[in-house]
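> Here is my input; please provide its structure:
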Amino acid sequence: MDTITSTSASLSLSLPAVPVRTVSSSISVTSSLLFPRSHLFSSRHRLYSGKRSFSNSPSAVPKFTVSCGITEIDESQFEDTVLKSERPVLVEFVATWCGPCRLITPAMEALAKEYEDRLTVVKIDHDANPQLIKEYKVYGLPTLILFRNGQEVPQSRKEGAITKAKLKDHVDVLLESISVT
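Below you'll find the model as predicted:
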């Protein structure tokens, strides 16, 4: 039997060499049934080689489709579009990553179309307009704020997802309250 001897200054050890045996299992589990090997390798390759499987460019982030009279504006357009408007403007603060924002999009589009003769509806992207978010203290998304004559209408702020019926009721009450004053 062979022995392995270490001759370091602090330790002298003599151990017998143990034969190593490879044992194969009679049951073979193949991960390729759940995840094909090519997928695992390519994912691992992308992660560890420094290559990305996604892009940080703005085009990789899904964008809202703007239709039915809803215009997306930014900080540079806010004053002319909202504050100087002669008619009421309903501003919707949204983000592309916000699930509730996507949920109310159809209701907002329907509202914009139905009220196009009495109300302007605009969207503002939360991430692209931090100054407006700070100025109007938008803490939750989506946030709806009605503006009239350059001012936020009292009691008009609504945060979170809302059904189409409740949205319509909310806007009807707001439009009625500002038409009386």
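> Number of residues surrounding Thr120?
20 (other C-beta atoms under 10 Å). For glycine as for every other residue, the C-beta is placed from the backbone atoms N, C-alpha and C.
> Could you pull out the helices in this protein for me?
37-48, 75-78, 99-114, 130-135, 164-180 (DSSP state H).
> correct me, but Val153 touches Leu175?
No. Using C-beta atoms under 8 Å, Val153 is not in contact with Leu175; the gap is 9.5 Å.
> who touches both of those two?
Pro88 (C-beta atoms under 8 Å, 6 or more residues apart in numbering).
> rewinding a little: reformat the helices of the chain as CSV; add mean neighbour count.
Formatted as CSV, the helices of the chain follow (neighbours: other C-beta atoms under 10 Å):
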stretch, mean neighbour count
helix 37-48, 11
helix 75-78, 14
helix 99-114, 17
helix 130-135, 13
helix 164-180, 14
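> Could you work out which of the ones you listed reaches nearest to Pro142?
Evaluated with C-beta to C-beta, the helices of the chain place helix 99-114 nearest to Pro142, the distance being 4.5 Å.
> and Asn149, which of the helices of the chain is closest to it?
Closest among the helices of the chain, once you apply C-beta to C-beta, is helix 164-180, at 9.0 Å.
> what's that closest one in contact with?
88, 90, 104, 106-108, 110-111, 114-115, 118-119, 144, 146, 148, 153, 155-156, 158, 162.
> Where among the helices of the chain is average confidence lowest?
Lowest mean pLDDT within these: helix 37-48, at a mean of 41.
> So which bits of stretch 83-98 are buried?
Judged by neighbour count using 16 or more other C-beta atoms under 10 Å, the buried positions of stretch 83-98 are Ser85, Pro88, Val89, Leu90, Val91, Glu92, Phe93, Val94, Ala95, Cys98.
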